[in-house]
Each structure stands twice: as C-alpha cells, then as structure tokens.
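A.B. asks: just need the structure, nothing else, for what follows:
(one chain, ligands or ions: 1)
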Amino acid sequence: MFAFMAVFILISSYVFYKSHSRYGAPPYDAQEEQASNTFSVPTDIYTSWKRPEGPIKIGLQAGHWKTNEMPDEQNRIKESGGGTTGFGIPEWEVALKIAELTKQNLEKEGYTVDILPATIPENYWADVFVSIHADGNLDPRVSGFKVAASARDKSNNAQLLKDYVERAYQKETDLTIDPNITKNMTRYYAFNYRRYVHAVHPMTPAVLIETGFLTNRHEANMLIYNPEIPAKGISNGIKTYITEILKPTI
Ligand SMILES: [Zn+2]
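C.D. replies: All right, here's what the predicted structure looks like:
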C-alpha cells in the first residue's frame, strides 16, 4: 500500500511539475516543425523590400493581454496562453503596465508606438517589435531576465536589437541574465509569419523579453511596484538601437 501511494505521489507530482513548469513561458508551437499548413513566403518579400515612408514605428506587445480574443488560427495558443501569476498579479497586467510606460518614454522622442495585445494585426510591420513578458517558476529562488531574438528574422537586425535591449535592461534593473533561452522564446507564435497571418512581417526586427520572475519576491517587487525601472531599461535599449543602427539606414 505504501509503495503504491509513493508511486502515486511521484507520478502526480511529475504531472504537476510538467504542467506548471511551462507556466511563465510564452506559447510555442510544438507542432510547428511538422506542420504542413505553413505559408510559403515569397523571398522577394524581403529581398526587394523597402521600408514604408513615415515616422519611426515601434510595436510593444503586452504578453497574454486579451488572450481570449485571439483568432481561430491561434486556437491552440489561446488555450494554453494565460501566462504566469505572481503574488496575486497576472502576467498580462505587469506586461501591460511596463508597455505603457515604455511607450511614454519612446513617444517623448517623437516615435510612433503601438501597444498590442496577444493578437498581432495581420502581417504587422514596425521598425522595432518587442514582446513583453514576465516569467514564472515553482521555485521562488529562480531569478533573472532574458531577451531572445526571433528565429524567423529576415531583417538581420533582430540580434542587434536583442543585444541593445539586453544591455540597457541589465544596466537599469541590475538583474542577472538567465541564460535559459528556449524555443518558446525564439519561435514565439507572433514571430511565425510562415504559419499565421496574425504575426509580424518578416522584415520586422522582433525580440521577446522575459522581464524577470514574477514568482521571485525581489523581482516581483520591481515588476509590480516599480514598473518604470524595467520600462526605462526597455526604452533605453530601443532608443540606442534606433540611433546607432536604424537611423543611419533611413
Ligand atoms: Zn509570458
């Protein structure tokens, strides 16, 4: 009987771990690799591409915000995409607040800034796209932030944008870099223009930032009560990228 119970407890805690360990991770399309229903994107979309005229445009996505409004093509992500919770605060709320403050900082520079929910407008193009998330883990000691560039980038600038955002974010927040970049991040659904129309345009330099762990007291404290700090980190990174990389080309 005891042996039976021990096995039962082991199995159920494994199942619990498996179902919760991905809590903070943004939705990733596990079946994407084998999917047959991907679009074939004509290469001239990026080989002969010209940046649209107009002011510098930035898209900031508040991760998991309005997940329930996601389109049918992203139904599977919609079902799994609620995000993490820490100290009673849902991830989308933290992400939205940081996105709003980041927008304020960037608008002072004269840039146009869109705040986007979980649903990306069809074939969305911007000079810079940053998806904002907060992480979660069952172990409250797990900490750190991380930034990932889109694995589907065709602008050749996503990696540079990632470097600038990472450097500025670390400087402002003093958090350590969590090196565990996963496919959940680099193959994030909003980067996947080959499968979804509600995704970024191939020429949009796109990154995803996990701003810290909402399940870690120290980091949650900053994310919930001092969101201007992470917002400053993100906006400073974007500003430097624009000044040093983007502006000389437009
Ligand atoms: Zn998330």
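
A.B. asks: C-terminal to the helix or strand of the chain with the lowest mean pLDDT, what's the next element?
C.D. replies: Least confident helix or strand, the chain: helix 2-20 with a mean of 49, by mean pLDDT, DSSP states H and E. For helix 2-20, the succeeding helix or strand toward the C-terminus, using DSSP states H and E, is helix 44-47.

A.B. asks: who touches that next one?
C.D. replies: Residues from elsewhere that reach helix 44-47 (C-beta atoms under 8 Å, 6 or more residues apart in numbering): K154, S155, H201, P202, M203. (Each C-beta comes from the backbone N, C-alpha and C, glycine too.)

A.B. asks: leaving out chain neighbours, which residue sits closest to the third one?
C.D. replies: The one in question is H201. W125 (3.9 Å; C-beta to C-beta, 6 or more residues apart in numbering).

A.B. asks: in the chain, what residue is nearest the ion?
C.D. replies: The ion sits closest to H133 of the chain, with a gap of 3.4 Å, by C-beta to the ion.

A.B. asks: assumed that residue was part of a helix.
C.D. replies: No. Applying DSSP: H, G, I helix; E, B strand; the rest coil, one finds H133 to be strand, outside a helix.

A.B. asks: for it, which residues are in contact?
C.D. replies: By C-beta under 8 Å, 6+ apart, the neighbours of H133 are G24, P26, G63, H64, G83, E91, A95, L208, I209, E210, T211.

A.B. asks: most neighbours among those residues, which one?
C.D. replies: Of all the contacts of H133, G63 has the most neighbours under the rule other C-beta atoms under 10 Å, reaching 31 neighbours.

A.B. asks: correct me if wrong: that residue contacts G136.
C.D. replies: No. Taking contacts as C-beta atoms under 8 Å, G63 lies outside contact range of G136: 11.6 Å.

A.B. asks: shared neighbours, those two?
C.D. replies: Joint contacts of G63 and G136 (C-beta under 8 Å, 6+ apart) are G83, E91.

A.B. asks: mark which of the contacts of H133 are part of strands, please.
C.D. replies: Cross-referencing the contacts of H133 against strands under DSSP state E gives L208, I209, E210, T211.

A.B. asks: so who does the first one touch?
C.D. replies: Same thing as L208. With C-beta under 8 Å, 6+ apart, L208 has these contacts: P26, G63, V130, S131, H133, V147, A148, S150, M185, Y188, F191.

A.B. asks: can you map out the helices along this protein?
C.D. replies: For the chain, the helices defined by DSSP state H occupy 2-20, 44-47, 75-80, 91-107, 158-173, 183-186, 217-225, 228-241.

A.B. asks: who wins for proximity to R195 among those?
C.D. replies: helix 75-80 (10.6 Å; C-beta to C-beta).

A.B. asks: for the closest one, the distance to its chain's centre please.
C.D. replies: Averaging C-alpha coordinates over helix 75-80 and over its chain gives two centres that are 16 Å apart (C-alpha atoms, centre = their mean, to the nearest Å).

A.B. asks: show me which residues of that helix are buried.
C.D. replies: If you call a residue buried by 16 or more other C-beta atoms under 10 Å, then helix 75-80 has these buried ones: I77, K78.

A.B. asks: check stretch 178-190 too.
C.D. replies: For stretch 178-190, using 16+ other C-beta under 10 Å, the buried residues are D178, I181, N184, M185, T186, R187, Y188, Y189, A190.
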